[in-house]
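1. could you look at this predicted model? Sequence included:
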Amino acid sequence: MTPQIGIVSGRRKAASVAALAAALGLALAAGTGAHSAPPIARQGEAARPPQRIVSLNLCADQFLIALADRHQIAGLTHYAADPVTSAAAAQAKTYPILGQSAEEVLAIQPDLLVGMPARRSAVMAALQGRGYRALDVKRAESFAAIVRETRKVAGAVGHPERGERLIADMERQLAALPKPGRGRVAAYYQRRGYLTGTGTLVDDLMQRAGLVNLAGKLGKPALSTLSLEEMVAARPDFIIVESQSDTVADQGTAMLHHPALRDIPRIRLPQAWTVCGGPAYVAAARSLVRQVAAH
């Protein structure tokens, strides 16, 4: 199925651009507006796979590495090579990594910008009216959504068959996983007492392992807070934490090491596997199932 690709247009106020830049960590370079670029999308070009793809988002980085040819990728975000947040950090280090300037994108003259959603990013706001094609990659909070976005990106970069192979491989590996949770309760507990609720990627992973999300039992939203006292009273069968929290870095992570939680079995997953719904989903599911089965 061919994804819909939009043409960048419209105007945004300078204050809105600055706010978006701060939120995404993309500081716009001064003087960007002085550059002009001819429209990239010309007659007949849509049928040709893009050759200068630029990613605007960490999740888009990982989809592109998995689905596009190496020579097609002209730039990934500076988050792509960070092993704490990127599941594809090892591969990303060998790709072009962009900084935080929209001018870098202008210099590349990309024929496809991929983001989440691309047209609302600060860089896209700076490139308004220049005719760059943009692909919106929506946040995937379930495996079904990962399949949908995989097909969308694979089609946009000209490799739909590659996307189908990736999907088939993921489905094969997931189908072989047991459900050792047997209805036991787990809480995905983060620094400062944040609790991940239902309708999220983590909740989808819990269900795949046969676990029940404590947040759902308590009627909590997708993201909420739960005090240590409330956690102890709820007494889940497991606490799932980010692997990086094994090291106490501040009061937020120290909370996770409180003696009151010591007797609750702990499962550890790298943050990079759950930040984005993408190819790393399988690794997260396999690790979760293995650790639950060990108990």
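-> It's in.
2. ranges for the helices of the stretch 1-150 of the chain?
-> Counting by DSSP state H, counting those that start in this stretch, the stretch 1-150 of the chain has helices at residues 14-24, 58-67, 89-92, 102-108, 122-126, 143-156.
3. I'd like these written out as CSV, with distance to residue 279 added.
-> To be clear about C-beta, it is placed using only N, CA and C from the backbone, and glycine gets the same treatment. What follows is the helices of the stretch 1-150 of the chain, written out as CSV (distance: least, CB to CB, whole Å):
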stretch, distance to residue 279
helix 14-24, 22
helix 58-67, 5
helix 89-92, 11
helix 102-108, 25
helix 122-126, 24
helix 143-156, 8
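4. can you list these in a markdown table and add mean neighbour count, distance to residue 294 and mean pLDDT?
-> Shown next, in a markdown table, are these (neighbours: other CB atoms under 10 Å; distance: least, CB to CB, whole Å; pLDDT from 0 to 100):
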| stretch | mean neighbour count | distance to residue 294 | mean pLDDT |
| --- | --- | --- | --- |
| helix 14-24 | 14 | 39 | 34 |
| helix 58-67 | 26 | 28 | 96 |
| helix 89-92 | 18 | 26 | 96 |
| helix 102-108 | 19 | 46 | 89 |
| helix 122-126 | 25 | 44 | 73 |
| helix 143-156 | 21 | 23 | 98 |
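5. nearest to residue 223, of these?
-> helix 14-24 (16.4 Å; CB to CB).
6. so residue 187, which of the three states?
-> strand (DSSP: H, G, I helix; E, B strand; the rest coil).
7. which residues does it form beta bridges with?
-> Counting by DSSP bridges, residue 187 is bridged to residue 239.
8. tally of neighbours for it?
-> 27 (other CB atoms under 10 Å).
9. circling back to that earlier point, of the helices of the stretch 1-150 of the chain, which approaches residue 243 most closely?
-> helix 89-92 (13.9 Å).
10. elements contacting the closest one?
-> Counting contacts by 3 or more CB pairs under 8 Å, 6 or more residues apart in numbering; DSSP states H and E, helix 89-92 is packed against helix 58-67.
11. now do the helix it packs on against helix 143-156, angle only.
-> Here helix 58-67 points in a direction 60 degrees away from that of helix 143-156 (axes from the mean of the first three to the mean of the last three CA atoms, to 10 degrees).
12. poorly predicted segments of the chain, please.
-> Scanning the chain for pLDDT under 70 picks out 1-47, 116, 118-121, 124.
13. can you give me the strands for it?
-> Counting by DSSP state E, the chain has these strands, from start to end: 6-7, 53-55, 73-75, 112-115, 133-136, 185-190, 194-196, 212-213, 223-225, 238-242, 266-269.
14. contacting residues around the second one?
-> Which is strand 53-55. Outside strand 53-55, the residues that touch it by CB atoms under 8 Å, 6 or more residues apart in numbering are 61, 64, 68, 72-77, 80, 98, 105, 108, 110-115, 157.
15. cutoff 6 Å now
-> Residues outside strand 53-55 that contact it (CB atoms under 6 Å, 6 or more residues apart in numbering) are 61, 64, 72-77, 105, 108, 110, 112-114.
16. that one pairs with which strands, and in what direction?
-> strand 73-75 (parallel), strand 112-115 (parallel).
17. on that earlier part again, dump the strands of the chain into TSV; add distance to residue 85 as well.
-> What follows is the strands of the chain, written out as TSV (distance: least, CB to CB, whole Å):
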stretch	distance to residue 85
strand 6-7	27
strand 53-55	14
strand 73-75	17
strand 112-115	16
strand 133-136	21
strand 185-190	14
strand 194-196	16
strand 212-213	23
strand 223-225	18
strand 238-242	11
strand 266-269	13
